[in-house]
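In: Generate coordinates for the sequence data below:
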Amino acid sequence: MITITNLSKSYGSKILFEDISLGINRGEKIGLIGPNGAGKTTLFSLILGELEPSSGDIQVNRNVHIGYLPQEASFNSAHTVLSELTEGDERIMRLKEEKDKLEESGQAGSGRYGDVLHNLEALGYFELEHKAKKILMGLGFKEKDFSRPVNEMSGGWQMRTLLGKLLTYHYDLLLLDEPTNYLDLNAALWLKDYLADFDGTFIMISHDKAFLTDVTNYTLILENGAITKVHGNYEQYERIKEEKRTYLLRQFKEQEKKRQQLQKFIGRFHAQPNKAASVRAKRRVMEKMEEVKIIVPEDRRESIGKFQFPAARRSGYQVMALQKISKSYGDIQVYKDFDFEVSQGEKAVLAGENGAGKSTLLKILAGVVDIDSGTRTVGHNVEIGYFSQTRMDILSQENTVLQEAYSAAPGFMSEENIRTILGAFLFTGDDSDKKVKVLSGGEKSRLILAKLLINPPNFLLLDEPTTHLDVDAVDALVRALAAYEGTIVFISHDIYFVRCVANMVFEVKEGKVRKFHGNFDYYLEKKDEDRGFINEGKSKPEGRRQQADLSKEKAKEEERLKKEEEKKRKAHNAALHSKIAVLKKEREELRVESYAKSRALSDSHIYRDEETAKQYGRRLKEIGRRVLEIDDEIRQLEGEIARM
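Out: This next block holds a predicted model:
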């Protein structure tokens, strides 16, 4: 379908890619990955002919129709949502007009009329409306939305309409740039299933590893100016990459060991005339080794450094309580007489359709919107950190990056420390002097995370934190939040992120919330069961209930709560066991290192090297102290398990 030959693209001295060659074939469902700024979106623009390459060639086969979903677009259409999907394709409309004209002129029996009908059928015209409605429902539209004009909808819903249009019509190739960015979690799950069964060809840019793994059969990796095509989904690519890295690392260590042996021989005998020939031979071997030096590729985790949230002050058990709160926007009642509570250690994702009230609930918890009535109570020692989807809610546009970072410091913090933290998030050199208002979406996300690291809260409220982050950045954030000991409530459409972080699910629907004490897969399994909502805010049920029924219901509720508490206890114990396993692994590694260094100190060559001997001695003392600390931590954790 598409052949790319020796393609290069640069902007001034910045080279995005150089001499890349690639083929795209029918039936390939490709995930395109790479760090932010590698040129993924630029590659799409080159394929579409919107940009000219610096050199090289892109050949697109004749009659290949390409559909494109950009990350952001101005979608100006006078059509309604449904008519945009049924009347928005120029090919179909041209054929339909020709069909109507042939019928009006009495040529319905002609050969051309038959060709037109055949072409319309091939493009799916006769089942277009049914298919369009099915896709719109999957993407989260209600039937009442079908007749709404597209240009009266928000940008997010316009992007959903455009995505629906691309899925409705027949395209030979779809180019999808972060297609889940404007979807809620439910719609993202629907799209994942749809693309997994999709009988077509697409190239998709995404930062969601689970999504990529489930829907793709090829992976393109664009980094360091080069592109690599792997036959396999993202999970298979990661496995291949890790196997290759392990092999290269082993080869590198063997080569390095041999090089040191040669260097040791040369250093020992270079001044002895009777060894001159051997020394020259060893030098030639070393020179040849330099020519075929094994390079181990860097384990890319640069997008956000391998950061961790520093330990924050422990909060009380009740982190936040909402009592009889009500919130409306004009005539739209979002919550009424609503009770809700968040407890210490919960890492909960808010699930539910767009418009259900997830963002409103998160903002109420953060205290950034006023409630109409009721009480919002912040728990003992609770410190809130809020990550807004719009970013500018919590960033001052006129500040520089450095000034904005300083604004998060609770007291005095040196500029050097601030710059060190910013550097972990790729703000180096002159980047710190940039104004916030000129930062990209990804840079704003990284700056907010840096601010949270400077002054770590114990209650994180995150609204789509992975948007604009690349795969490695999401991975780093997942690892940090998994180790984070505070409380989290978050919204995300990133399936991988949700699966890795959430230990609870709060399902929001029609101003009510259901709590699921389990991870996201547990929620998917149980969500269709008839479970109670947290304080529905409705009037008491009409009619009288028999006392026996009340007692039965109360017993069932108590049993359910007992089971949920047991699940919560088991999950807590599993987390403690996991921490113990990590500590034991660290202790074993330290013991191995201690043994190696003790053995090394017994070597006369190292012992005569006074500086090395001192370093090893200091390190052995550090190891001894840390092993004692680990033993104490393990005892405390085992004691906590015993008390549960």
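In: what's the distance between residue 129 and residue 626?
Out: Distance of residue 129 to residue 626, computed by C-beta to C-beta, to the nearest Å: 68 Å. Quick note: C-beta positions are derived from backbone N, CA and C, even for glycine.
In: any weak-confidence spans in the stretch 251-400 of the chain?
Out: Scanning the stretch 251-400 of the chain for pLDDT under 70 picks out the ranges 296-309, 389-394.
In: Can you report how many residues neighbour residue 447?
Out: 24 (other C-beta atoms under 10 Å).
In: would you list every one of the strands in the stretch 101-250 of the chain?
Out: Assigned by DSSP state E, counting those that start in this stretch, the strands in the stretch 101-250 of the chain fall at 173-177, 202-205, 218-223, 226-231.
In: From residue 91, how far out is the nearest residue to residue 126 once chain neighbours are set aside?
Out: Of all residues not flanking residue 126 in the chain, residue 120 sits nearest, at 6.9 Å (C-beta to C-beta, 6 or more residues apart in numbering). Computed as C-beta to C-beta, the residue 120 to residue 91 distance reads 9 Å.
In: neighbour count winner among those two?
Out: A side-by-side neighbour count of residue 120 and residue 91, using other C-beta under 10 Å, places residue 120 first with 18 against 14.
In: That one and residue 198, how far apart?
Out: Where residue 198 is concerned, residue 120 sits at a distance of 22 Å (C-beta to C-beta).
In: What of residue 57?
Out: 29 Å.
In: and what of residue 586?
Out: Distance from residue 586 to residue 198, by C-beta to C-beta: 45 Å.
In: do residue 171 as well
Out: From residue 171 to residue 198 the distance is 11 Å (C-beta to C-beta).
In: One more: residue 640?
Out: Following C-beta to C-beta, the distance that separates residue 640 from residue 198 is 49 Å.
In: What of residue 320?
Out: 42 Å.
In: would residue 64 count as being in a strand?
Out: No: using DSSP: H, G, I helix; E, B strand; the rest coil, the assignment for residue 64 is coil, not a strand.
In: Please tell me how far the closest residue to it other than its chain neighbours sits from residue 242.
Out: Nearest residue to residue 64, sequence neighbours excluded (C-beta to C-beta, 6+ apart): residue 172, at 4.6 Å. Noted for residue 172: a distance of 35 Å to residue 242, by C-beta to C-beta.
In: more crowded one of those two?
Out: It is residue 172, of residue 172 and residue 242, that has more neighbours when counted by other C-beta under 10 Å, with 16 against 11.
In: contacting residues around that one?
Out: Shown in contact with residue 172 (C-beta atoms under 8 Å, 6 or more residues apart in numbering): 1, 26, 63, 64, 65, 66, 200, 201.
In: the domain parsing of this protein - what is it?
Out: Residue ranges for each domain of the chain read 2-238, 243-291, 318-538, 575-643, as given by automatic domain parsing.
In: Out of those domains, the one nearest residue 566 is which?
Out: domain 318-538 (9.5 Å; C-beta to C-beta).
In: what about the closest one, distance to the chain center?
Out: 15 Å (C-alpha atoms, centre = their mean, to the nearest Å).
In: again, but for stretch 91-100
Out: The answer for stretch 91-100 is 43 Å, by C-alpha atoms, centre = their mean.
In: tell me the least confident of the contacts of residue 172?
Out: The pLDDT minimum for the contacts of residue 172 sits at residue 63, where the score is 85.
In: how many other residues sit next to that residue?
Out: For residue 63, the neighbour count with other C-beta under 10 Å is 6.
In: Distance of it relative to residue 449?
Out: 47 Å.
In: Also residue 53?
Out: 35 Å.
In: what's the nearest residue to residue 138 if we skip its chain neighbours?
Out: Residue 138 sits nearest to residue 190 (C-beta to C-beta, 6+ apart), 4.2 Å away.
In: Just want to check the distance between the one you found and residue 69.
Out: 16 Å.
In: Neighbour count: those two, which is higher?
Out: residue 69 (23 against 17).
In: Now do the phi/psi pair for the more buried one.
Out: Reported as degrees, to the nearest 10, the phi and psi values for residue 69 are phi -110, psi 110.
In: what's the span of stretch 410-421, first residue to last?
Out: 15 Å (C-alpha to C-alpha, to the nearest Å).
In: Who are the contact partners of residue 324?
Out: Residue 324 neighbours (C-beta under 8 Å, 6+ apart): 337, 338, 339, 373, 374, 375.
In: Show me which of these is closest to residue 360.
Out: Looking across the contacts of residue 324 and measuring by C-beta to C-beta, the closest to residue 360 is residue 338, at 10.5 Å.
In: Put the alpha carbons of the helix or strand in which the closest one is found into PDB.
Out: Counting by DSSP states H and E, the element that carries residue 338 is strand 332-343. Output of strand 332-343 as PDB, limited to C-alpha atoms (Å, rounded to 0.1, in the frame of the first residue of the first chain):
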ATOM      1  CA  ILE A 332     -28.500  20.400  35.300                       C
ATOM      2  CA  GLN A 333     -28.500  18.700  38.700                       C
ATOM      3  CA  VAL A 334     -25.200  16.700  39.000                       C
ATOM      4  CA  TYR A 335     -25.500  15.700  42.700                       C
ATOM      5  CA  LYS A 336     -28.200  16.100  45.200                       C
ATOM      6  CA  ASP A 337     -28.000  15.300  49.000                       C
ATOM      7  CA  PHE A 338     -24.900  13.200  48.200                       C
ATOM      8  CA  ASP A 339     -22.800  11.400  50.800                       C
ATOM      9  CA  PHE A 340     -19.300  10.100  50.000                       C
ATOM     10  CA  GLU A 341     -16.200   9.200  51.800                       C
ATOM     11  CA  VAL A 342     -12.500   8.500  50.800                       C
ATOM     12  CA  SER A 343     -10.300   6.400  53.200                       C
END
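In: What strands line up against that strand, and which way round?
Out: strand 318-329 (antiparallel) (DSSP bridges).
In: Tell me which residues of the partner strand come out buried.
Out: 319, 320, 321, 322, 325, 326, 327 (16 or more other C-beta atoms under 10 Å).
In: Nearest residue to the fifth one in space, please, no chain neighbours.
Out: Taking C-beta to C-beta, 6+ apart as the measure, residue 325 lies nearest to residue 374, with 3.1 Å between them; neighbours along the chain are not counted.
In: Just say helix, strand or coil for that neighbour.
Out: strand.
In: contacting residues around it?
Out: 322, 323, 324, 325, 326, 337, 338.
In: going on from the lowest-mean-pLDDT helix or strand in the chain, what's the next piece of helix or strand?
Out: Within the chain, no helix or strand scores below helix 604-608, which has a mean of 56 by mean pLDDT, DSSP states H and E. Using DSSP H and E, the helix or strand that follows helix 604-608 towards the C-terminus is helix 610-643.
In: Does anything pack onto that next one? Which helices or strands?
Out: helix 547-601, helix 604-608 (3 or more C-beta pairs under 8 Å, 6 or more residues apart in numbering; DSSP states H and E).
In: burial measure for residue 112, as a count.
Out: Residue 112, neighbours per other C-beta under 10 Å, totals 11.
In: which residues touch the residue lying closest to it once chain neighbours are set aside?
Out: Once flanking residues are discounted, residue 112 sits nearest to residue 102: 6.7 Å by C-beta to C-beta, 6+ apart. Applying C-beta under 8 Å, 6+ apart, we find residue 102 in contact with 108, 110, 112, 113, 116.
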